[in-house]
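>>> Give me a model of this one.
(4 chains)
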There are 2 protein chains.
Amino acid sequence: MTSRGAGPIYQRIADDLRARIQSGELGAGAKLPTEQSLTTDYGVTRATVRQAMQVLVNEGLVVSERPRGHFVRQIERLTYRPQKEWRERPLHRELDQFMDEQVELGRKPSQTIAVELATPPADVAARLGLTETDTVVIRKRVRYLDGTPFNTNDSYFPLELVQGSEIMHPADIGRGANVVLAELGAEQTHAVDEIEVRMPTPDEASRLEIGLGVPVALHRVTGYTDDGRPVRVVRNVLPGDRHLIAFERTRPAKAEKDSEQ
Amino acid sequence: MTSRGAGPIYQRIADDLRARIQSGELGAGAKLPTEQSLTTDYGVTRATVRQAMQVLVNEGLVVSERPRGHFVRQIERLTYRPQKEWRERPLHRELDQFMDEQVELGRKPSQTIAVELATPPADVAARLGLTETDTVVIRKRVRYLDGTPFNTNDSYFPLELVQGSEIMHPADIGRGANVVLAELGAEQTHAVDEIEVRMPTPDEASRLEIGLGVPVALHRVTGYTDDGRPVRVVRNVLPGDRHLIAFERTRPAKAEKDSEQ
DNA sequence: TCGGCCTCATTGACTAGACAATGTAGACGT
DNA sequence: ACGTCTACATTGTCTAGTCAATGAGGCCGA
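As a prediction, the model looks like this:
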């Protein structure tokens, strides 16, 4: 039972359970032994068993559904394709391209939109070439799929650029914000994507209803006009257990040499 | 001191400390109060204080350096550019393109390379069009920067494709593996990138010397030949606290419409 | 001066409890 | 048959300790 090996007891308990999960003995959604039964199995107190559970929870392998017990987390990732912003336009109007894809799979998408004026966070200010005392327009969206939050999508625009435009209206922009930007003389033709991986802040965790042990990707897009002026920053927060980020590349013609990467 | 608000005591302690970190009062690398002093500050037992610390550690905000104390984690991310595989070739031979960039910044890169024959994990098998009983050649690399592991880079090739080639030799391939593939009649001209975000497995954590509370990005690249045959899968594991993944896009000429994303 | 040893502050691991919070299922009443 | 209420199993929070492990800094001897 207690597979031997060095280290603290709680680690061995966690290792045993992890092995049973990975072997498939405990499949996705399966109920783990109760803390009580593990205390007798291993002859330790409940505090020690709880420490083992904590390890698995923090690894994202297990979720606690109080007071029903601990369960093997079931992960279902949907594919998120940043590139598609500039690809096909399936025109289910209303919803944007990301949701579009999901509709075709029979999902029920929805979203909330809020617009506010505020000072930008440091990362956004730096990318828009503003200071932290300037004012930006923030369009905050939370996208849901079948009722559960799927990701958040906050767009930051310099105030003087979008003042009075449709962008400041807290409703979906059928044409897409980029079209509005173009009409304002700030067409976005170039974008820099950055992805940071970290644990969610408490704010993010509650906005996205993220459980313990689930990291997020912060996908930050800075959009530029033809002449290199930054006109928007988008911060997408993607919970790791619900997303697979995908993009494609084709080799530019006549590349001479190539790395191993 | 004990900022009021509902919820368990350990959460309030964690919230207080988090606020002090975010406000800059406790900057990167700063030492947190000892558990002992917190017990007296809040009038609770050490177990409760430890629970609060655990929260911050799992959020990746704090690291424990036993027995010196708890410290605010300092994060330094280096930029990782998947696209560069097919971009400039600065030709510092020996090292690949990723390392190349770091050399220019005065860092000391190194790597270990191991080659083995084994059956592929499920995700790799699926992408190479193999079964889990087929044999693949795995080139496992760990890349270091200034002595600390930076990321892992495991390439999987179908055995019959690279049998006897330079790829099976556990040394750096100066020309780049892609060139060797081309010589074998399997030039990689198209690639699909996938990024998964999750907590590290214990294996990954030890290989990369990752602390608690640090998630990873699994960056999986499937390379295809011109006629759509998969010839390699690369699994890059990137610790979240050391990487910023970046790529750029330029709008294809004459896109009519555009989404908000 | 320099290496080795010892002390000590601090975190890690664990025991042995108590009481609170909360879904679920079964008993019960209408 | 159907809603309501209650008991219960299970996890969450917390107390009050003990002993172990470990890096750092100071002490001491050669």
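>>> what pLDDT does the residue of chain A positioned farthest from its centre get?
Computed with CA atoms, centre = their mean, the residue of chain A farthest from its C-alpha average is A:Gly43, at 40.4 Å. If you check A:Gly43, the pLDDT there is 97.
>>> repeat for the one 4 residues further on
The predicted local distance difference test score for A:Ala47 is 98.
>>> that's a helix at it, yeah?
Yes. Counting by DSSP: H, G, I helix; E, B strand; the rest coil, A:Ala47 is part of a helix.
>>> what's the spacing between it and B:Leu38?
19 Å (CB to CB, to the nearest Å). Using the backbone N, CA and C atoms, a C-beta is placed for each residue, glycine as well.
>>> So these two - more neighbours on which side?
B:Leu38 (22 against 11; other CB atoms under 10 Å in any protein chain shown).
>>> where does the stretch 51-200 of chain A dip in pLDDT?
For the stretch 51-200 of chain A, applying pLDDT under 70 flags the ranges A:84-104.
>>> Strands of that one, residue ranges please.
Counting by DSSP state E, counting those that start in this stretch, the stretch 51-200 of chain A has strands at residues A:62-65, A:69-72, A:78-80, A:109-118, A:136-145, A:148-158, A:188-198.
>>> counting contacts, what elements does the fourth one pack onto?
By that I understand strand A:109-118. helix A:97-104, strand A:136-145 (3 or more CB pairs under 8 Å, 6 or more residues apart in numbering or on different chains; DSSP states H and E).
>>> burial of A:Cys76, as a residue count?
Actually, residue A:76 is Glu rather than Cys. Counted with other CB under 10 Å, A:Glu76 comes out at 8.
>>> got the contact list for it?
A:Arg242 (CB atoms under 8 Å, 6 or more residues apart in numbering or on different chains).
>>> Likewise for the one 3 residues further on?
Applying CB under 8 Å, 6+ apart, one finds that A:Thr79 lies in contact with A:101, A:243-246.
>>> If the residue in the stretch 51-200 of chain A that chain B sits nearest to is in a bridge, with which residues?
Scanning the stretch 51-200 of chain A for the residue nearest chain B gives A:Val197, at 3.4 Å (criterion: CB to the nearest CB). Going by DSSP bridges, A:Val197 is paired in beta bridges with A:Ala217.
>>> I'd guessed it sits against A:Ala217; true?
Yes. The criterion here is CB atoms under 8 Å, and A:Val197 meets it with A:Ala217 at 5.6 Å.
>>> Overlap in contacts, these two.
Common contact partners of A:Val197 and A:Ala217 (CB under 8 Å, 6+ apart): A:240, B:197, B:217.
>>> burial count for the closest residue to A:His70 other than its chain neighbours?
Nearest-residue entry for A:His70: A:Leu32, 4.2 Å, with adjacent residues in sequence omitted and distances by CB to CB, 6 or more residues apart in numbering or on different chains. The tally of other residues near A:Leu32 (other CB under 10 Å) stands at 21.
>>> tell me the contacts of the closest residue to A:Ser155 other than its chain neighbours?
Sequence neighbours aside, A:Arg139 is the residue nearest to A:Ser155 in space, at 4.4 Å (criterion: CB to CB, 6+ apart). Contact analysis of A:Arg139 by CB under 8 Å, 6+ apart lists A:113-115, A:154-155, A:157, A:167, A:170, A:177.
>>> Can you report phi and psi for the residue nearest to A:Lys108 when sequence neighbours are not counted?
Excluding the flanking residues, the one nearest A:Lys108 by CB to CB, 6+ apart is A:Asp146, at 5.3 Å. With angles defined as degrees, to the nearest 10, A:Asp146 sits at phi 50, psi 40.
>>> Am I right that A:Asp146 is in contact with A:Arg107?
Yes. The pair formed by A:Asp146 and A:Arg107 meets the contact definition of CB under 8 Å, at 5.7 Å.
>>> Which one of these two is surrounded by more residues?
More neighbours surround A:Arg107 than the other of A:Asp146 and A:Arg107, with 14 against 11 (other CB under 10 Å).
>>> wait, doesn't the more buried one sit right on A:Gly147?
No. With contacts counted by CB under 8 Å, A:Arg107 stays clear of A:Gly147, the gap being 10.2 Å.
>>> what does chain A put close to DNA strand D?
Residues of chain A that fall close to DNA strand D, judged by CB under 7 Å from any atom of the strand: A:32, A:34-36, A:46-47, A:50, A:53, A:64, A:66-70.
>>> export the residues you listed to JSON lines and tack on distance to A:Gly228?
Formatted as JSON lines, the residues of chain A next to DNA strand D follow (distance: CB to CB, whole Å):
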{"residue": "A:Leu32", "distance to A:Gly228": "55"}
{"residue": "A:Thr34", "distance to A:Gly228": "61"}
{"residue": "A:Glu35", "distance to A:Gly228": "59"}
{"residue": "A:Gln36", "distance to A:Gly228": "64"}
{"residue": "A:Arg46", "distance to A:Gly228": "61"}
{"residue": "A:Ala47", "distance to A:Gly228": "58"}
{"residue": "A:Arg50", "distance to A:Gly228": "55"}
{"residue": "A:Met53", "distance to A:Gly228": "52"}
{"residue": "A:Ser64", "distance to A:Gly228": "50"}
{"residue": "A:Arg66", "distance to A:Gly228": "53"}
{"residue": "A:Pro67", "distance to A:Gly228": "57"}
{"residue": "A:Arg68", "distance to A:Gly228": "56"}
{"residue": "A:Gly69", "distance to A:Gly228": "56"}
{"residue": "A:His70", "distance to A:Gly228": "52"}
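>>> Can you tell me which of those lies closest to B:Ala125?
A:Leu32 (28.6 Å; CB to CB).
>>> Which residue does chain A have closest to DNA strand D?
Residue of chain A nearest DNA strand D, by CB to the nearest atom of the strand: A:Pro67 (2.7 Å).
>>> for that residue, phi and psi?
For A:Pro67, the backbone dihedrals (degrees, to the nearest 10) come out as phi -100, psi 30.
>>> Look up how far DNA strand C lies from it.
4 Å (CB to the nearest atom of the strand, to the nearest Å).
>>> Check which helices and strands the host helix or strand of A:Gln36 sits against.
For A:Gln36, the element it lies in under DSSP states H and E is helix A:35-42. The contact analysis (3+ CB pairs under 8 Å, 6+ apart) places helix A:35-42 against helix A:9-22, helix A:46-58.
>>> mind listing what's buried in that helix?
Neighbour-count burial for helix A:35-42 flags A:35, A:38-39, A:42 (criterion: 16 or more other CB atoms under 10 Å in any protein chain shown).
>>> How far off centre is it?
Distance, stretch centre to chain centre, for helix A:35-42: 36 Å (CA atoms, centre = their mean, to the nearest Å).
>>> As CSV, could you dump the C-alpha coordinates of it?
C-alpha atoms of helix A:35-42 as CSV (Å, rounded to 0.1, in the frame of the first residue of the first chain):
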residue,chain,number,x,y,z
GLU,A,35,-9.8,11.6,4.2
GLN,A,36,-11.0,9.4,6.9
SER,A,37,-10.4,6.2,5.1
LEU,A,38,-6.9,7.4,4.1
THR,A,39,-6.0,8.1,7.7
THR,A,40,-6.7,4.4,8.6
ASP,A,41,-5.0,3.1,5.4
TYR,A,42,-1.8,5.0,6.2
